[in-house]
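>>> mind folding the following:
(2 chains)
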Amino acid sequence: MNQKTTSLWQRLFGDSVRAFGVVSLIFLLSMAIAPAKNFFSEWRHYQHGYLRMIRNRSDANTLQRHFQGGIQQIWLPELGVVDRCTSCHEALKEASLTDITMQPYRRHPIIPHRLDQFGCTLCHRGQGAATTVAEAHSSTLAWEQPILPAKYVESSCGQCHRGQLPGTPQLNLGRNLLSRQGCVHCHTVRLPDGSAMKATDDPPSLSHIADKTTREWIFAWLKGPQAYAATATMPNFKLSDDEARDISAFLIANSASVQSDNVTIAAKASNDPAAGTSLYGESFCASCHAVQNAAGNMVGGDVGPELTRVGSKVKLEWLQGWLRNPRVYDPPTSMPHYRFTDAQVATLAGFLLAKTDPDLLSNVHLDPATREQIAHGKRLVSDYGCASCHEIAGIKKPENFAPELSRVGSKPITQLIFLPGMPHTLPDYISGKIKNPRAFASGLKMPQYSFSAMQIDALTTALLSLNDRSYALPPSLAVPATPDTDYQPAGKAGKLMSDLACFSCHRINGRGGDMAPDLTWEGSSVQREWLIQFFRNPGTLRPALIRRMPRFNLTDGEINELTDYIMAVYQSPEVDRDSMPLSGYPQGQIELGKELFYGKYGCQGCHIVDTKTDKGYIGPTLTHVGSRLTPAWIYHWMKNPQSLRPGTVEPNRTMSDEEARALTAFLMSQKGGDKKEVAKK
Amino acid sequence: MRAQAALLLELALLGTSCSRNRETAAAPLPAAFGVALIESSGGKQFAETGNPLPQPVVVQVNDENGTAVPKALVEFDAVPGVSFDPGSALTDDSGQVTTTVSLGAIAGRYRIVASTLSKSHKRVELKLEEIALGYQQTLGKRLNEKYCDRCHNSESTAERVSNYDNLEVKPHPFTEGDTLNKMSDADLTAIITFGGPARNKSALMPAWGNTLAKTDIEALISYIRAASDPPSKSAGSIYGRD
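Residues are numbered from 1 along each chain as shown, chains lettered A, B, ... in the order given. Next comes the predicted model:
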């Protein structure tokens, strides 16, 4: 053995020439490692594969010309992007490769940005500078951020785009949910522009709750809000019976009656289901409130709370007071002050109280509360952070009750605790946490939400967009959202508009809902007489619309106040209301307008002028348009509808002045004088 | 060979990164067998790439007489990247299985296959097609809902009453592949931009060229191509296992 090694040693290094030769050889081989590694690198194989793939195509010449060998790099120092992805993904910009579905040779789907201006990792994450498949795509010891799964890719749009984008429905939904489901009551979310995300839900104050409901209902609600209303925003805190008993005891004991000059209501709740149903319908309660029908479907809007079992919740006196004037109990509520008569209040109260669920409270039996229970309840209310959402007399709103989420999209994986069997990625952690928050440790306070899989994905997308990069990007790239203004109309009319909660449905000067038309230029748009009639008896302008404005029992004085204000203040600088006459257009011009209406522009496709022949169901009915709109408004609308109401569906037809004038003349001749009934389907 | 292996690895990576609910649990044992598999609901839906379909897919197992078979095993399969929750299940009392389907990361049509075993261990298959929309098509879908659907979709709901029946000249629904596939992108662009008369069609189709941007119109056309049935060639290939 020893002999053999000696002889091998002898043979290799026996004399100096041999030793020199062997050492040179070893040296040569070790010098060759680097070029060999380079030669056999993954990206080179993909490039060869690409060349082989395009060789026999008809467009091979063009593709060959576009091909660049070697390591490719998109370097954008401003954005912190060093992306070598295009070394393997050679064909991202090849429009003719639509038939290739094999990676890495697929072309990039069409997006509004140029790849060479934004790179790859800005949207897809991953390690841009890496030149091997594993290092670029997966998380490694030195790199935590793997490729972002496709379903969350919209989160990257949200790094710069702070507002709603038409092409990112999932991100929009997620952001809405963060505000609407009350996440931001407990979790602070600070955006890169320094503003904090605001909650858009409206959790009720609990300081006067004993006026409204019973302790038994509170108990049942705390145990499972979704058993009372499937659409409830309040999550399930998974309280024990004792906890729910004590919290309900505290809330009732803590509640103070609302001080009001409440007139005692003479009328009792009347029991007339037919009258109740029709008043509920006429008042368009369903525009905001939903009721579950026998088939289990929700019928109605989601602005106000669901009313399916409201009779098992509210007290008669409270309900009557609320219907009479909701602002006594809750001044900033989005519910309008309807000005119902006593008889109407009685009818509606009776109708709503009949919506009960006998099973809801049948098993709730509570003994009178003891002092210890009340004290314990108060402690629980603080522990669970109830005051983060609800106003509760005597309890301060806790600051930073839950972890801040401003940069949750960059949270290091090493700081996370995963559930067994869960993939160790940030998106999986976030969605798992939303799906089942209490599973991650014992003693956690985050309640259980009942989100659908789609909502969880949307929330995860929105949260992933809150990351370090969105702070690091140059501010010039940020596309800010258009936040709601805090516009408040002045004077008596302004007070009246708050009382009627106009902004719950209408938008004016950048504030308000989107259920009803934007009224910013209403004063230029409509005729005074029409507006007065409309306030007295609102009708629908669109035959296919199921919602319309409810009738408020306004006095003549109130109607005048509102009309004067609207006509004087909501004026477009573009439209001079009095620049064109209301009538007296030459017959020839009217005839020309009619021809254009039915011929060149085919307006009858969407609108109705003659109820006998026209069937357009999309736009407003125009049978009475001559007594509704001002001619100057119609003229400008014909010229460019979007300049008056951005985003309106009516297409801009770029009419000549003559055509726009002729159509104005024709439409102004439609005064609806012969009292024809609007076709109803 | 090496490149192929690496490609496979990449595909597998792509697959695992896109499927959260991949079912690895063993399939339950069937207690009954049927002879036919029919679709109850959930075919031909749209979802953004990588996302679950808005409605679950429901299939039903029937016996020779066409009555539903409870406790029969149904398995779902598709290309890697598509995930099912659950991936296999026994039919319920009404003979149905409901599964949530998430589509792959690439826009296009996905064929999913539901299968059940008959008593003689013959595999009975049902093929369904679902459509994954990329960014551009998603944008187009939204524009369609705002501007086009009222007339081009004959289906009426309480929230969105259709105007289709009221029109003298009937518009082509965007699913009408037989007609729309014959029209080139240039034709569609011209009709949307300049109105029906630009290609000798009805003036009831207005010109949208001053209302929609050029990119909007491109997005709309890409959506129309994705929605057409039979599929348009330019919508790309169908991702399915044969």
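>>> please enumerate the strands of chain A.
Shown for chain A, the strands assigned by DSSP state E span residues A:74-76, A:81-83, A:290-292, A:298-300, A:507-508, A:511-512.
>>> pairing partners for the second one, with directions?
Which is strand A:81-83. Sheet pairing for strand A:81-83, assigned by DSSP bridges, gives strand A:74-76 (antiparallel).
>>> now the third one
The pairing partners recorded for strand A:290-292 under DSSP bridges are strand A:298-300 (antiparallel).
>>> contact partners for the residue lying closest to residue A:391 once chain neighbours are set aside?
Once flanking residues are discounted, residue A:391 sits nearest to residue A:205: 4.0 Å by C-beta to C-beta, 6 or more residues apart in numbering or on different chains. To be clear about C-beta, it is placed using only N, CA and C from the backbone, and glycine gets the same treatment. Residue A:205 makes contact with A:330, A:390-392, according to C-beta atoms under 8 Å, 6 or more residues apart in numbering or on different chains.
>>> and for residue B:41?
Going by C-beta under 8 Å, 6+ apart, residue B:41 touches B:55, B:57-58.
>>> nearest residue to residue A:418 in space, please, no chain neighbours.
Nearest to residue A:418 is residue A:424, by C-beta to C-beta, 6+ apart, at 5.6 Å.
>>> verify the contact between the one you found and residue A:413 for me.
Yes. Between residue A:424 and residue A:413 a contact is recorded at 6.1 Å, counting by C-beta atoms under 8 Å.
>>> now do the shared contacts for these two.
Here residue A:424 and residue A:413 share the contacting residues residue A:139, scored by C-beta under 8 Å, 6+ apart.
>>> could you break the chain into its assigned domains?
You didn't pick a chain, so chain A it is. With domains defined by automatic domain parsing, chain A comprises A:2-37, A:42-147, A:169-200+A:402-477, A:209-379, A:491-569, A:587-668.
>>> could you do chain B instead?
B:2-133, B:135-239.
>>> for residue A:316, see how far away residue A:208 is.
Distance, residue A:208 to residue A:316, using C-beta to C-beta, to the nearest Å: 16 Å.
>>> list the contacts of residue 200.
All of this refers to chain A. Residue A:200 sits next to A:176, A:179-180 when contact means C-beta under 8 Å, 6+ apart.
>>> I was thinking of chain B, sorry if that wasn't clear
Residue B:200 neighbours (C-beta under 8 Å, 6+ apart): none.
>>> for it, grab phi and psi.
Main-chain dihedrals, residue B:200, degrees, to the nearest 10: phi 60, psi 30.
>>> what distance do you get for it to residue B:190?
11 Å.
>>> residues in contact with residue 95?
I went with chain A, as the question did not name one. residue A:107.
>>> can you look at chain B instead?
Counting by C-beta under 8 Å, 6+ apart, residue B:95 touches B:34, B:60-62, B:67-70, B:72.
>>> dump the residues you listed to JSON lines, plus secondary structure, pLDDT and neighbour count.
What follows is the contacts of residue B:95, written out as JSON lines (DSSP: H, G, I helix; E, B strand; the rest coil; pLDDT from 0 to 100; neighbours: other C-beta atoms under 10 Å in any protein chain shown):
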{"residue": "B:34", "secondary structure": "coil", "pLDDT": "87", "neighbour count": "26"}
{"residue": "B:60", "secondary structure": "strand", "pLDDT": "94", "neighbour count": "24"}
{"residue": "B:61", "secondary structure": "strand", "pLDDT": "92", "neighbour count": "30"}
{"residue": "B:62", "secondary structure": "strand", "pLDDT": "91", "neighbour count": "19"}
{"residue": "B:67", "secondary structure": "coil", "pLDDT": "90", "neighbour count": "9"}
{"residue": "B:68", "secondary structure": "strand", "pLDDT": "90", "neighbour count": "18"}
{"residue": "B:69", "secondary structure": "coil", "pLDDT": "91", "neighbour count": "21"}
{"residue": "B:70", "secondary structure": "coil", "pLDDT": "91", "neighbour count": "15"}
{"residue": "B:72", "secondary structure": "strand", "pLDDT": "91", "neighbour count": "26"}
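>>> below-threshold pLDDT in chain B: ranges please.
The model of chain B has pLDDT under 70 over residues B:1-26, B:234-237, B:241-242.
>>> so which residue is dead centre in it?
residue B:130 (2.4 Å; C-alpha atoms, centre = their mean).
>>> how about the contacts made by that one?
B:43-47, B:53, B:57, B:101, B:103, B:109-110, B:112.
>>> and it, that one's in a strand?
Yes. Per DSSP: H, G, I helix; E, B strand; the rest coil, residue B:130 lies within a strand segment.
>>> contacts only, for residue A:288.
Contact partners of residue A:288, counting by C-beta under 8 Å, 6+ apart, are A:300-304, A:334-335, A:504.
>>> change it to 7 Å
Contacts for residue A:288 (C-beta atoms under 7 Å, 6 or more residues apart in numbering or on different chains) come out as A:301, A:303-304.
>>> so which residues on the stretch 51-200 of chain A come close to chain B?
Within the stretch 51-200 of chain A, the positions near chain B by C-beta under 7 Å from any C-beta of the partner chain are A:98-99, A:101-104, A:109-112, A:133, A:137, A:147, A:149-151, A:166-167, A:169-170.
>>> got a quick PyMOL command for the buried subset of the residues you listed?
Buried residues within these, by 16 or more other C-beta atoms under 10 Å in any protein chain shown, are selected in PyMOL with:
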select buried, chain A and resi 103+104+109+110+133+137+147+149+150+151+167+169+170
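>>> what does the model give the residue nearest to residue A:418 for pLDDT?
Confidence at residue A:424, expressed as pLDDT, is 87.
>>> tell me the one of the contacts of residue A:288 nearest chain B?
Of all the contacts of residue A:288, residue A:301 has the smallest distance to chain B: 10.6 Å, by C-beta to the nearest C-beta.
>>> any idea how far the closest one is from residue A:595?
Per C-beta to C-beta, residue A:301 is found 42 Å from residue A:595.
>>> same question, residue A:522
31 Å.
>>> pull the residues that contact stretch A:22-41.
Residues outside stretch A:22-41 that contact it (C-beta under 7 Å, 6+ apart): A:12-13, A:131.
>>> drop anything exposed from the contacts of residue B:130.
Applying 16+ other C-beta under 10 Å to the contacts of residue B:130 flags B:43, B:45-47, B:53, B:57, B:101, B:103, B:109-110, B:112 as buried.
>>> now the residue nearest to the spatial centre of chain A. Nearest residue, chain neighbours left out?
With distances taken as C-alpha atoms, centre = their mean, residue A:176 lies nearest the centre of chain A, 3.2 Å away. Nearest non-adjacent residue to residue A:176, counting by C-beta to C-beta, 6+ apart: residue A:200, 7.7 Å away.
>>> grab the nearest non-local neighbour of residue A:400.
residue A:188 (6.2 Å).
>>> re earlier: could you find the closest non-adjacent residue to the residue nearest to the centre of chain B?
Excluding the flanking residues, the one nearest residue B:130 by C-beta to C-beta, 6+ apart is residue B:110, at 5.1 Å.
>>> and that neighbour, that one's in a helix?
No. Checked against three-state DSSP, residue B:110 lies outside a helix; its state is strand.
>>> now do the helices in chain B.
Remark: helices assigned in chain B by DSSP state H are B:2-18, B:135-143, B:149-152, B:177-180, B:185-194, B:214-227.
>>> between those, which gets nearest to residue A:458?
Nearest of the helices of chain B to residue A:458, taken as C-beta to C-beta: helix B:135-143 at 13.6 Å.
>>> now do the closest one and helix B:214-227, the angle between them.
Computed with axes from the mean of the first three to the mean of the last three C-alpha atoms, to 10 degrees, the direction of helix B:135-143 lies at 90 degrees from that of helix B:214-227.
>>> does anything pack onto helix B:135-143? Which helices or strands?
helix B:214-227 (3 or more C-beta pairs under 7 Å, 6 or more residues apart in numbering or on different chains; DSSP states H and E).
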